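Novice: Curious how this folds, go ahead:
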Amino acid sequence: MELFFQSVINSFIQGGFFALWAVGLVLVFGVMGVVNFAHGELVMVGAYTVWVLHSQYGIGYIPALCIAVLLVMFIGLLMERFLFRPKQGDPLGGLINSIGVLFILQVAALVVGGTGPAKQVAPPFPGTLIIQEFLRIPNQRLFSIAVAVAALLLLWFFLTKTKLGWSLRAVALDREAAALQGININRTSMIAIGVSGALAGLAGALMAPISNIYPTMGHNVIITAFIVTIVGGIGSLSGAVLAAVLYAFLHTFVTAYFSGTIATMCGLLIMVLVLIVKPTGIMGQKVSE
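Specialist: Reported below is the predicted structural model:
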């Protein structure tokens, strides 16, 4: 019973990370029509930034987290301006460019951190919250889920209550119609990938004190993000959040009772079944030609 309740808590925490990963991927695809394969590496850059600034140079965790968010957001803006914008209307070209960035960022991580064992960041918020003597929640994980939820709520407010957010949604729904209404497509694309990069940097910074940091950690991120995105419905932010929580429960419980490898296999199997039974995903909508 203790393992069950602990797994429930871990599922919600994991779901926060999965949602941050997937929402950024969905946002870029919806607005720009580009599958950013380097999204996982952007998360990795956020984690490495915290490791370098906080663990190596002694900068406070919160300032390091903010710098990680800004740095990854800046990398995203550079990708949009010099890699994705010239390939507008060419999804394959944008995909290939993102794969190139993936390898560049991995090599950069090797140069910065070197080879050897995975990097670790000491939790800046030590201690554990104990509930009923059998449920233990590390304070660092509580901080991470609180920030993740706050970021997702802020994103919801931005997309639904601001003019820039409405512009993003309009471009995602119909790019040509939005352009005819006077919406600046290039500026909207920059905002989309900037927000996506900020969320990726935040996710990496939050993960740094509670997981191992290594150059290829983005592989697991992008696999999970694709599973969540497809199951939730491509282009659906609310679907991505819902699928993230559901997949987090599946992954956490299967890992707890069996293994992480089997959990990932189950996630991929569910993704394939969704593509067969309901290709639009849980909350995706069919678009007529």
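Novice: check contacts around Phe74.
Specialist: Going by Cβ atoms under 8 Å, 6 or more residues apart in numbering, Phe74 touches Gly197. C-beta: built from backbone N, CA, C; applies to glycine.
Novice: My read is that Pro126 contacts Gln140, right?
Specialist: Yes - using Cβ atoms under 8 Å, Pro126 is in contact with Gln140, at 7.5 Å.
Novice: okay, the two: which has more neighbours?
Specialist: Neighbour totals were compared for Pro126 and Gln140, and Gln140 leads with 20 against 10 (other Cβ atoms under 10 Å).
Novice: Now the more buried one: phi and psi?
Specialist: Per-residue torsions, Gln140: phi -60, psi -40 (degrees, to the nearest 10).
Novice: who are the neighbours in contact with Val171?
Specialist: 31, 178, 183, 185, 188-189, 192.
Novice: Please apply the same query to Asn212.
Specialist: By Cβ under 8 Å, 6+ apart, Asn212 lies in contact with 118-120.
Novice: any idea how far Arg136 is from it?
Specialist: The gap separating Asn212 from Arg136 is 21 Å, by Cβ to Cβ, to the nearest Å.
Novice: likewise Met32?
Specialist: As judged by Cβ to Cβ, Met32 and Arg136 stand 42 Å apart.
Novice: Relative to the whole chain's centre, how far out is stretch 121-134?
Specialist: Offset of stretch 121-134 from its chain centre (Cα atoms, centre = their mean, to the nearest Å): 25 Å.
Novice: Now do the buried residues in that stretch.
Specialist: 121, 123-124 (16 or more other Cβ atoms under 10 Å).
Novice: Quick check: Ala68 touching Trp51?
Specialist: No - using Cβ under 8 Å, Ala68 makes no contact with Trp51, being 9.6 Å away.
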